[in-house]
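Undergrad: Would you be able to build a 3D model of this:
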Amino acid sequence: MVGYVTIGTNDLKRAAAFYDALLDPLGGKRAMEMERFILWAAGTGGNGMFAVALPFDEKAATVGNGVMVALAAGSNEMVDKLYAKAIELGGTDEGAPGARGGGFYAGYFRDLDGNKLNAYHLG
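TA: Numbering: from 1, shown residues only. Alright, predicted model coming up:
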């Protein structure tokens, strides 16, 4: 149902390096790149894409209170790997990987701009 999600950054080059490394284990590769915007996709079909952008209004990017992007990891082991990679790349901990109930396993972190994400597996 979701085609893509975009989060803001104040340093596109730094964010690009973070997400190139973070999304690679999920098969995420740059699919579109412009002066103020980079979009990653895994495979073809245009579903579930992820982008970072310098804000269109040219004001500072800010973090949305209550906003979180969830990355489908496919396994608990991949959740662990993505969480560890995010921390290794300079992200900050928002909740270490673990069972959250109902078969939901997730690890929560913030990127270099403070955007909140998680890697999760359900099942």
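
Undergrad: Can you list the residue ranges for helices in this structure?
TA: With DSSP state H as the criterion, the chain has helices at 12-23, 76-88.

Undergrad: okay if I get those as JSON lines plus mean pLDDT?
TA: Shown next, in JSON lines, are the helices of the chain (pLDDT from 0 to 100):
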{"stretch": "helix 12-23", "mean pLDDT": "98"}
{"stretch": "helix 76-88", "mean pLDDT": "98"}
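
Undergrad: and Gly48, which of the ones you listed is closest to it?
TA: Across the helices of the chain, Gly48 has its closest neighbour in helix 12-23 (10.9 Å, C-beta to C-beta). Heads up, the C-betas are built off the backbone N, CA and C, glycines and all.

Undergrad: The residue nearest to Leu54 when sequence neighbours are not counted and Leu12: what is the separation?
TA: Spatial nearest neighbour of Leu54, chain neighbours left out: Arg36 (4.3 Å); criterion: C-beta to C-beta, 6 or more residues apart in numbering. Look at Arg36 and Leu12: by C-beta to C-beta, to the nearest Å, they are 7 Å apart.
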